[in-house]
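[1] generate coordinates for the sequence data below:
(2 chains)
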Amino acid sequence: MVPVINIPLNTERKVVDITAESVIRERLLEMGLAPGRGIRVLRRLPFGGPLIVQAGTLVVALRHSEASCVWVEAT
Amino acid sequence: MKYVALVGSPNSGKTTLFNWLTGRRQRVVNYPGSTVDIAVGPVLENLSEKTFEILDTPGTYSLFPKSQDEEVTLRTLYNPQFQISKVILVIDSTQLDRQWHLLRQVQEAGFQVVVALTMSDLHAREKSMLSLEKVQSMAGCPVVAIDGRLGGGVRELVAQVAALPLPPVTPKPLAAWPVEKLQQVFRQGEELAKLAVGNRLQVFDQSGKWDRVLLHPLWGSLSFLLIMTALFSSIYWLAAPLMDFVDSFFGWSVEALHSRWGNGLLVNFFADGILAGAGAVLVFVPQILILFLGISFLEDSGYLARAATLIDRPLSKVGLNGKAFVPLLSGFACAVPAIMAARAIGSRKERWLATFIIPFMTCSARLPVYALLVGFLFPDDAFVAGLLMTGLYVGALVVGFVAAGFLNLLVHKQSSGFLLLELPLYRWPQPLVVLRNSMRRTRAYIEKTAPVILVLAISLWLLTTFPNYQLENETERLQGSYAASVGQWLEPAFKPMGGDWRVGVGLVTAFAAREVFVSSMAVLFSITDVDDEDSLRAGLLASMRKATFPDGRLVFTTASVSALLVFFMLALQCISTSAVAFREMGSASFAIAQLISMNVLAYLAAIVTYSVMS
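    Residues are numbered from 1 along each chain as shown, chains lettered A, B, ... in the order given. You can find the predicted model right below:
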């Protein structure tokens, strides 16, 4: 299990767990980022800016602190 | 059934549908005891025999709100004033899997629902499947496909809403959904999307191509600067002739009233009190409309979410997030709509911070004052004057961010904010939708500020007219007025920053609206009968250079004018801003703390400037 922040660009992985505080976790679920779904990192903005991730038809900007709470399969 | 609510996720095409349903008869409702304002309009007559009103609620991901504007949606749904029992649930057909749970939540709460499946034109264009029957059988309610580009399906939608039976019981707030339930409903949505909607659409890939440029480390930053410069310069240069027009229209009207009916007390009241006060509000309307047009256009195109993403990192350094970008940007036109826009910032702490520092942004009411004072310092050197002007903008921005960083440290222990910003598909905005949204927002701005400014303008007129109202000479009348007594009483306070009582009166009157300072100065230094603005300014500058204290020292020196500039840069001299901050934050202590701390800061900075420079 690795956080989505550590996976290479444009490789799809399956979400295993979301460990953020409950508001963020619930909002991610409501937006369509749920365990079992495929997720990929589209780009990382420079200077430690947000990550753009895609899960199905959802494209969302996540801060590092948020992205490190989304865990995906290791390989 | 008077009201039907439109409910849907952000970017679901809800506002476009609202425009198809109501046309140009939309307005904003704002009911007593709350800050909520939502768009409302009657259904177009040619769509339905029964008349009912459509309420456009702010976009929400669920019925369990996580930001202020999502709470607005919930409060609207259960507001006894509207008695909503029927809901048009807007679902983006390309996002069916992700928006399905919202339908289930609205149904479970007890509302009668018709589903509007938007973006059906995207499926049609790519000849992709969209099976209404399958969605309908799973949803258990009528489902209508909507073509947001051409308005297809709108008539049928209205017919379906009219045909809905009333719900057997009154809708009630939902009991919380456990995570397992949410996930289960989600899977249901995913299954349905697989059956009812065709393969992944190509528009998603096209959108990704745009992002490759617009979120690129170099090209993305460059286009960001370019787009913002374009927006920024249009709110100044494009709006300037229109603002001049409004300004001269009111100037001319005041003049015309006087020349027709003389200078009786009643005429003065209407001309110099009411009409001039109305002018003070309306002069900013062109600029605010252009700002809203620009923001609506960028919002509908999908770019604004990208801009907020790009700016998130720098803003996070001072405890803000990318969503504070639009409110801060709006602050350069006027703090009032900016503070209203801050409602969309997710977390309370970040909204609090943004609302606090918005008045530091150089709003356009400061411009006439800057123009006068900078013109005093550098009458012949346009380049240096421009440089100073830029310095004032940047200076205020820096102070604002330092203040945010400082306040962030104070409130740090409270909840940390989140970004979680969805990047919608890029789409070409529809001009009519953009125009109507902007006009509606502009009207809401006028309705919010007009009463406050009018009351204040009238009180100032009373203070500057009485007790010597019978005097013909305006300057003499003012010098013996209550306002002058107040100014003279306050003079010791203005001494340390280099001003005399007249400057003090000017500063006090500027609380109606900052630019009133200029006209007050004109009256105080007896430049009244010049109607051309340039010569008014020239005449005012000339008499400012001659103005002296009783002991013969000059009132306006480089030091005292610089101190005034610093004061205007930092001070919160705007009753409307305080009123709107009070209403939006629901806290008098917030508004008072903001008012006092900004003005104390401005005052101290002005004193320091004066003593350092003189």
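[2] point out the residues in chain A that sit beside chain B.
    Residues of chain A lying close to chain B by CB under 8 Å from any CB of the partner chain are A:23-32, A:34-35, A:42-43, A:45-50, A:52, A:56-63, A:65-66. The way it works is simple: take the backbone N, C-alpha and C, and place the C-beta from them, glycine included.
[3] and if we set it to 6 Å?
    A:23-24, A:27, A:29-32, A:34, A:43, A:46-47, A:49-50, A:57, A:59-61, A:63 (CB under 6 Å from any CB of the partner chain).
[4] now the buried members of the residues you listed.
    A:24, A:27, A:29-32, A:34, A:43, A:49-50, A:57, A:59-61, A:63 (16 or more other CB atoms under 10 Å in any protein chain shown).
[5] would you map the strands across the chain?
    As the question left the chain open, I've gone with chain A. A:2-3, A:13-18, A:38-44, A:51-55, A:58-62, A:70-72 (DSSP state E).
[6] that was the other one, I meant chain B.
    Here chain B has its strands, by DSSP E, at B:3-8, B:27-30, B:37-42, B:53-56, B:86-92, B:112-118, B:143-145, B:421-422.
[7] hey, least reliable of those by pLDDT?
    In terms of average pLDDT, strand B:27-30 trails the rest of those, at a mean of 66.
[8] okay, and the beta partners of the closest residue to B:Phe18 other than its chain neighbours?
    Leaving aside its sequence neighbours, B:Phe18 sits nearest to B:Asp56 (CB to CB, 6 or more residues apart in numbering or on different chains; 4.3 Å). Counting by DSSP bridges, B:Asp56 forms beta bridges with B:Leu6, B:Ala39.
[9] surely B:Asp56 meets B:Gly41?
    No: in this structure B:Asp56 lies outside contact range of B:Gly41 using CB atoms under 6 Å: 8.1 Å.
[10] the two: which has the busier surroundings?
    For B:Asp56 versus B:Gly41, the count of surrounding residues by other CB atoms under 10 Å in any protein chain shown is larger for B:Asp56: 28 against 22.
[11] how about the residues of chain B by chain A?
    Residues of chain B lying close to chain A (CB under 6 Å from any CB) are B:61-62, B:66, B:95, B:98, B:182-183, B:186, B:215, B:217, B:309, B:312-313, B:418-423.
[12] tell me the buried residues within the residues you listed.
    B:61-62, B:66, B:95, B:98, B:182-183, B:186, B:215, B:309, B:312-313, B:418-423.
[13] from the residues you listed, which ones fall inside helices?
    By the criterion of DSSP state H, membership of these in helices covers B:Arg98, B:Leu182, B:Gln183, B:Phe186, B:Thr309, B:Asp312, B:Arg313.
[14] if we can go back for a sec, which one of the buried ones among the residues of chain A next to chain B is nearest to B:Ala175?
    A:Glu30 (16.5 Å; CB to CB).
[15] not counting sequence-adjacent ones, nearest residue to that closest one?
    Nearest to A:Glu30 is B:Tyr61, by CB to CB, 6+ apart, at 4.2 Å.
[16] how about the contacts made by the one you found?
    By CB atoms under 6 Å, 6 or more residues apart in numbering or on different chains, the residues touching B:Tyr61 are A:Glu30, A:Met31, B:Ser9.
[17] can you pull the contacts of the second one?
    This means A:Met31. Taking CB under 6 Å, 6+ apart as the criterion, A:Met31 is in contact with A:Leu58, B:Tyr61.
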